[in-house]
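J.: Predicted model and sequence below, questions to follow.
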2 protein chains.
Amino acid sequence: MQYEVEQKFPVDDLAGVEAGLRARGAEIGPPVVEVDRYFNHPARDFSETDEAVRIRRKGEKHFITYKGPKVDQTTKTRREIELPLGGEPLGGAEGTVEAWSELLGALGFRVVAEVRKTRRRAEVVHEGRTAEATLDQVDDLGDFVELELVAEQDGLDAARACLASLAESLGLKRSERRSYLELLMARRM
Amino acid sequence: MQYEVEQKFPVDDLAGVEAGLRARGAEIGPPVVEVDRYFNHPARDFSETDEAVRIRRKGEKHFITYKGPKVDQTTKTRREIELPLGGEPLGGAEGTVEAWSELLGALGFRVVAEVRKTRRRAEVVHEGRTAEATLDQVDDLGDFVELELVAEQDGLDAARACLASLAESLGLKRSERRSYLELLMARRM
């Protein structure tokens, strides 16, 4: 079984991190707009039931996701149903998100939050391992870089050390454990 | 503005109607399985609010439809939002319908009825006009043929007369005004 070791860092100088990645031979992929729009249920308070309904746009692709309550606090296991949405019924980049918001709105679902970001991906080799770097410009939250390595269970410590070393070499500090949605909700408090 | 003039007939001898259509030079298209699965809302009784949520399969294509209450009793105008669903996430002909039923079920929507039919389409020329004929084999309801003509307002009477003459020549009698859903619900009473 493989594990993902990942850390996310807020950054003030995204161009500087990009330059650092390129200096290590990384190619940075094209920007993709990602939108996650979260809804509340017409008859249940999802913040109390620990559920979520989300419409996701990833560039040209769209999905709806239902996340059930955690069934097990230790492993954070939840029921998740993610289904692809079709076409661009209203045209335009945001047509599908808007059309689905209209349909969900007619059924009484209300938008509670939206995470909107421009994401670029890169692979970078560090100490002989290939890490994935994700560069995010998040509306209302700023810029972030996420680093990820995949490891077997007995290689987790080595992977964590490699990731820490890569982060340091890129000038990344103060890792952030909260999701973008959590950060956005915390800003509202 | 164009109007659809249509009539639907229950038939005991669908093969006989097919033969009649072919004798008039009609080509009968391939069978397409159509499934309409209707759901009730978790917090509203749609039979009282005059709304509907439906997952529709038309062969390989899938849609979700929301129908709002009639806003005007005379013209039966309703708000309708129909959006295409993507892919075949679970594989198999019924995969999309089942996956969406699971998602809607997790949100508290309950299946109230399902209309399942095999539909073939044909065009037939009668008295110089081209009518559309639809041959339906409906699960639990039997076989039906629907005839349709498109006409301008000042040609509605002529179109109705043409349709009646075509129906008679095909041996179709006792037209049925109720929808398949209504017929299915009436059977349950």
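T.: Sure thing, it's come through.

J.: Pairing partners for the residue lying closest to residue A:52 once chain neighbours are set aside in the sheet, please.
T.: Of all residues not flanking residue A:52 in the chain, residue A:67 sits nearest, at 4.3 Å (Cβ to Cβ, 6 or more residues apart in numbering or on different chains). Glycine gets a C-beta too; all of them are placed from N, C-alpha and C. In this entry, residue A:67 is beta-bridged to residue A:52, residue A:80, by DSSP bridges.

J.: The longest helix seen in chain A: what's the following helix or strand?
T.: The longest helix of chain A (DSSP state H) is helix A:156-169. Per DSSP states H and E, the first helix or strand lying C-terminal to helix A:156-169 is helix A:180-188.

J.: Quick check: which helices or strands does that next one pack against?
T.: With contacts defined as 3 or more Cβ pairs under 8 Å, 6 or more residues apart in numbering or on different chains; DSSP states H and E, helix A:180-188 has these neighbours: strand A:32-40, strand A:110-126.

J.: Mind doing that once more with 6 Å?
T.: Counting contacts by 3 or more Cβ pairs under 6 Å, 6 or more residues apart in numbering or on different chains; DSSP states H and E, helix A:180-188 packs against strand A:110-126.

J.: what helices or strands is the helix or strand following the strand it packs on leaning on?
T.: Next helix or strand after strand A:110-126 toward the C-terminus (DSSP H and E): strand A:129-138. Applying 3+ Cβ pairs under 6 Å, 6+ apart, one finds that strand A:129-138 contacts strand A:110-126, strand A:142-152.

J.: Give me the sheet partners of the shortest one and which way each runs.
T.: I take that to be strand A:142-152. In its sheet, and by DSSP bridges, strand A:142-152 pairs with strand A:2-11 (antiparallel), strand A:129-138 (antiparallel).

J.: now, of these, which is deepest in the fold?
T.: With neighbours defined as mean count of other Cβ atoms under 10 Å in any protein chain shown, these peak in mean count at strand A:129-138, which reaches a mean of 18.

J.: and the closest residue in space to residue A:103 that isn't next to it in sequence, what does it touch?
T.: With Cβ to Cβ, 6+ apart as the criterion, residue A:103 has its nearest non-adjacent residue at 4.7 Å, and that residue is residue B:81. Taking Cβ atoms under 6 Å, 6 or more residues apart in numbering or on different chains, we find residue B:81 in contact with A:102-103, B:66.
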